[in-house]
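Student: dropping a prediction and its sequence here:
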Amino acid sequence: MALLELKDVSMIYNGKVRALDHINLTVEKGDWLAIMGPSGSGKTTLMNIIGCMDHATEGAITLDGISLMDVDDEKLTTIRREKIGMVFQQFHLVPYLTAVENVMVAQYYHSLPDVEEAMTALKRVGLEDRASHLPSQLSGGEQQRVCIARALINYPVLILADEPMGNLDEANQNLVMKIFHELHDEGHTIITVTHSPEVGREAGRCVVLEHGRIKEPTTPT
Amino acid sequence: MFWQMVKGALVRQSNRFMLIALTVALGVSLASAMLNVMFDVGDKVNRELKAYGANITVTPKNAALLRDVYGLTNSSAREFLNESDLGKIKTIFWTNNIVAFAPTLDGNLILKDGSELPALGTWFEHTMTLPTGETFSTGEIEMKSWWQIEGAYPVEGKSEALIGSKLAIEKNIHVGDVLELNNGDRLTISGVLTSGGDEDQALLTDLAVMQKALNVPGKIASIDISAITTPENDLARKAAANPDMLSQQEREIWYCTAYVSAIAYQIEEVIGNSSARPVRQIAESEGKILDKTQLLMLLITVLSLMSAALGVSNLVSANIMERSRELGLLKAIGATNLGVILLILTEIFIAGCIGGVVGYFAGLGLAQVIGSTVFGAGIANNVVVIPIVSVLMVTVLLVGSVPAIRMLLQLEPASVLHGR
């Protein structure tokens, strides 16, 4: 059974604007899928729906065997907490918590915070010596790596990354990309949303969105 | 982790919460000051109103009856009270509320030339030993603060007298003149009194001089008493009409409350054959002024707390808007609405409590400033204000947080994180 399956999924805002139009998509366990497309193509809308942050208007979605169309907001929060690890383009760290505390926040809302486990996650992204730093004391690349550590801490079935290299310089892009490759090699399922062909090329699969519809699966050029 | 997050927000973003604490402190300081003043204002206003003079008059029972039924104030068969009973006034249940009293004995003094002068014997400044063994200083000087004296008050035991200003003009008597009575006593005029009342047309002298002149040793005609009282209510009015109409429970409440009628009743109990009557105009004025003063304080308290609630509401809403990305992130990584609301409310309540404690102590200081400025005396710190202010503060914080909670409930992580 596929880890994620979207059947005829549409998202219509205000009854008029069709942001997604009959999307059909399947992601197997261990896949690394890149969702690409120009601005306004529906990438972020699709990510919000897959990331359980929004309800689709039409269609059917299953994630790890759970239908996302039949659940209320509270249940959607629980699924998001249990199943998904998120990485954002703008990092989104809690500004008054240290790096290790930012990782532990995800543990706190999931189960129990464990400082050792959080430190292990930071070590994995090469930030164990920056654990007690506030986000304002970290570089962009370091902040993104804290985000990745936070996304991994609860062993999610799916890692969703929205433009993970968007705000990074080349050195940090390479560093983060290396981490994604390691995660993929370990069997993690990853979906990255990007407009960058270079990033898209790193993924095993790629779909291109245009006007809310999926063009045929392609290999980014 | 929860407390780490709260601590992180409070310590590392203290500026945000300082404003909330300051707003709560302002509201609570005004509320606690006003409540402390309100609870203590009864005594303060009563003491101020003592300037009105006596609020209870004690006369012999039959004299009171003749006055009430027939309107007679003089009778050939005069009855008197005993001077020796005066100390008993300070033995009643509400002894501490008896601020001052003065006995009076009125009559005409016959001068050596045969002319008569209307006169009043009283205590100007008298120190007495009470049945309890304590000493107590009282007299007209204590009670009649508005009297204006040209010269000096008579000194007890020195055969001196005050002459009323109108009588002084009428009889051409001046300070320093000596009046010789037909019994051989000589009274030196120590001062001229302007009171604005009947005393302006009388000679006022020491009680002992008057008793000797009227040949009624140890007797007095009436007692003027100044007592601190609680404003009258329905129970007090019912009791004033007839204490026997009260149920046992009502009677206990009435007797143990410093209503003017209860104090008068207790005075009648200790001074035999007497009738103690409240001076209604004064008692009711005291009650009305006190009620209005307390209402004013209450209004200021309510308004200050409403202002604080509005201030908190604005600050918390601004705080939520500023932190919308951070709070959206918490929701995105799995926080429930309840979890986020709990976090925000805890931060607000801690800031509010710090502000509340600071505000309470500032309020105590403010109450003392109000006390010394308005009443010339300190305000007692009433501990009952603490729970009241605490409840009010929690209410202010909760009411002030309602708009922010609504915003939090509507906050969608997708919107704030992706700016949809």
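Tutor: All right, it came through fine. All figures in this text were calculated on a predicted structure; none of them were measured in a lab.
Student: just list the residues touching A:I214, thanks.
Tutor: A:I23, A:N24, A:L25, A:V207, A:V208 (CB atoms under 8 Å, 6 or more residues apart in numbering or on different chains). Backbone N, C-alpha and C define where each C-beta goes, glycine included.
Student: so which residue of chain A comes closest to chain B?
Tutor: Relative to chain B, the nearest point of chain A is A:R81 (2.8 Å; CB to the nearest CB).
Student: find me the pLDDT at the spatially most central residue of chain A, would you?
Tutor: The residue lying closest to the centre of chain A (CA atoms, centre = their mean) is A:L160, at 1.4 Å. A:L160 carries a pLDDT score of 90 in this model.
Student: hmm, it is touching A:R80, no?
Tutor: No - A:L160 is not in contact with A:R80 according to CB atoms under 8 Å; the separation is 9.7 Å.
Student: overlap in contacts, these two.
Tutor: Common neighbours of A:L160 and A:R80, using CB under 8 Å, 6+ apart, are A:G51.
Student: still on that earlier bit, widest-spaced pair of the contacts of A:I214?
Tutor: Spanning the widest gap among the contacts of A:I214 are A:N24 and A:V208, at 14.0 Å by CB to CB.
Student: compare those two (neighbour count), which wins?
Tutor: Neighbour count, other CB atoms under 10 Å in any protein chain shown: between A:N24 and A:V208, A:V208 has more, with 19 against 12.
Student: hang on, the more buried one is in a strand, isn't it?
Tutor: Yes - assigned with DSSP: H, G, I helix; E, B strand; the rest coil, A:V208 falls within a strand.
Student: tell me what it is bridged to.
Tutor: A:M36 (DSSP bridges).
Student: tell me if I'm right that it and A:P38 touch.
Tutor: No - using CB under 8 Å, A:V208 is not in contact with A:P38, being 9.1 Å away.
Student: need the nearest residue in space to A:F180, chain neighbours excluded.
Tutor: Spatial nearest neighbour of A:F180, chain neighbours left out: A:I190 (6.2 Å); criterion: CB to CB, 6 or more residues apart in numbering or on different chains.
Student: quick one on the thing from earlier: quickly name whichever of the contacts of A:I214 is closest to A:D169.
Tutor: Proximity of those to A:D169 (CB to CB) peaks at A:V208, which lies at 26.1 Å.
Student: what about the strands in the chain?
Tutor: Since no chain was named, I'll use chain A. Assigned by DSSP state E, the strands in chain A fall at A:4-13, A:17-27, A:32-36, A:58-63, A:66-67, A:84-87, A:158-162, A:190-194, A:205-210, A:213-214.
Student: oops, I was thinking of chain B
Tutor: Taking DSSP E as the criterion, chain B carries its strands at B:56-60, B:81-82, B:98-110, B:116-122, B:126-129, B:135-138, B:148-151, B:160-164, B:178-180, B:186-194, B:203-206, B:219-220, B:222-227, B:274-278.
Student: which positions in the first one come out as buried?
Tutor: Right, strand B:56-60. For strand B:56-60, a neighbour-count test (16 or more other CB atoms under 10 Å in any protein chain shown) marks B:I56, B:T57, B:V58, B:T59, B:P60 as buried.
Student: what's the closest residue to the third one other than its chain neighbours in contact with, if anything?
Tutor: By that I understand B:V58. Counting by CB to CB, 6+ apart, B:I223 is the residue found nearest to B:V58 once chain neighbours are left out, at 4.1 Å. B:I223 sits next to B:T57, B:V58, B:L81, B:L86, B:I89, B:F101, B:A102, B:P103, B:T104, B:I271 when contact means CB under 8 Å, 6+ apart.
Student: just the pLDDT for B:I223.
Tutor: The score at B:I223 is 94. That number is its pLDDT.
Student: one more: B:G287?
Tutor: Reading off the confidence values, B:G287 has pLDDT 68.
Student: repeat for the one 3 residues further on
Tutor: Residue-level confidence at B:L290 comes out at 74, pLDDT.
Student: could you report the neighbour count for residue 183?
Tutor: Using chain A here. Per other CB under 10 Å, the neighbour tally for A:L183 reads 20.
Student: sorry, I should have been clearer: chain B.
Tutor: 13.
Student: in the sheet, who's paired with the residue nearest to the centre of chain A?
Tutor: A:M86, A:I191.
Student: how about the residues of chain A by chain B?
Tutor: A:44-45, A:47-48, A:51, A:53-54, A:74, A:77-78, A:80-82, A:86, A:88, A:90, A:92-97, A:101, A:104-110, A:113, A:134, A:150, A:162 (CB under 8 Å from any CB of the partner chain).
Student: which residues touch residue 132?
Tutor: All of this refers to chain A. Contacts of A:S132 (CB under 8 Å, 6+ apart): A:T98, A:A99, A:V100.
Student: wrong one, chain B
Tutor: B:K90, B:T91.
Student: what does it show for phi and psi?
Tutor: phi -80, psi -10 (degrees, to the nearest 10).
Student: any idea how far B:Q249 is from chain A?
Tutor: Distance, B:Q249 to chain A, by CB to the nearest CB, to the nearest Å: 55 Å.
Student: quick check: A:G187 touching A:E28?
Tutor: No - using CB under 8 Å, A:G187 makes no contact with A:E28, being 11.2 Å away.
Student: neighbour count for those two, which is higher?
Tutor: More crowded of A:G187 and A:E28, by other CB under 10 Å: A:E28, with 13 against 8.
Student: where along the stretch 1-150 of chain B do the helices fall?
Tutor: Assigned by DSSP state H, counting those that start in this stretch, the stretch 1-150 of chain B shows helices spanning B:2-12, B:14-49, B:61-70, B:140-143.
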